[in-house]
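attaching a predicted model along with its sequence, questions to come.
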Amino acid sequence: MSIYFSGTFSRSAGVISAITKQLKLVNLKPVKKIQVQFDPFHPNAVTARDFLFHISTPKVTETNLNCIIKSNVVCDRSEPEIKIDLLDSGSIKFLANNLTVLEILQQFNKHISIKVKPEEVKTVQVTKIEKKKQKKR
């Protein structure tokens, strides 16, 4: 008599790797401005600060150099919020009080990164003579 295996065969890579996976998908091309507002004394301000840290990395900001990332530190016991102004005159507001960084990034990719138009890949046909020239170099 044996006990059947019920579970996964491998362990998950964890929250950090899930965040890095979502950060690789982030694209700021349709974004004009990102405002992160938080009260440092609020118990859930860590989420907004972590999102600000992750979104301001050089790899993410290089996707749109015209995007303005602004942080507003207030002292009025207000809940942390993230406001994203889009180029097509729209805005999205995340109330980060009960969200994790991973959930915010997933929703960011779901609603904003989808608006990026994929670049067309041009295929160039190479003839046999050109291939031989490239091999000789």
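Arrived safely. Numbers count the residues shown, from 1 in each chain.

the longest strand seen in the chain pairs with which strands?
Taking DSSP state E as the criterion, the chain has its longest strand at strand 31-38. Partner strands and pairing direction for strand 31-38 (DSSP bridges) are strand 68-73 (parallel), strand 81-86 (antiparallel).

and that strand, how far out from the chain's middle?
13 Å (C-alpha atoms, centre = their mean, to the nearest Å).

cool, stretch 35-51 as well?
On C-alpha atoms, centre = their mean, the centre of stretch 35-51 falls 17 Å from the chain's centre.

if we can go back for a sec, just put the strands paired with strand 31-38 in JSON lines and tack on distance to Val36 and mean pLDDT.
Just so you know, the C-beta spots here come from the backbone N, C-alpha and C atoms, and that holds for glycine as well. Formatted as JSON lines, the strands paired with strand 31-38 follow (distance: least, C-beta to C-beta, whole Å; pLDDT from 0 to 100):
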{"stretch": "strand 68-73", "distance to Val36": "5", "mean pLDDT": "96"}
{"stretch": "strand 81-86", "distance to Val36": "5", "mean pLDDT": "95"}
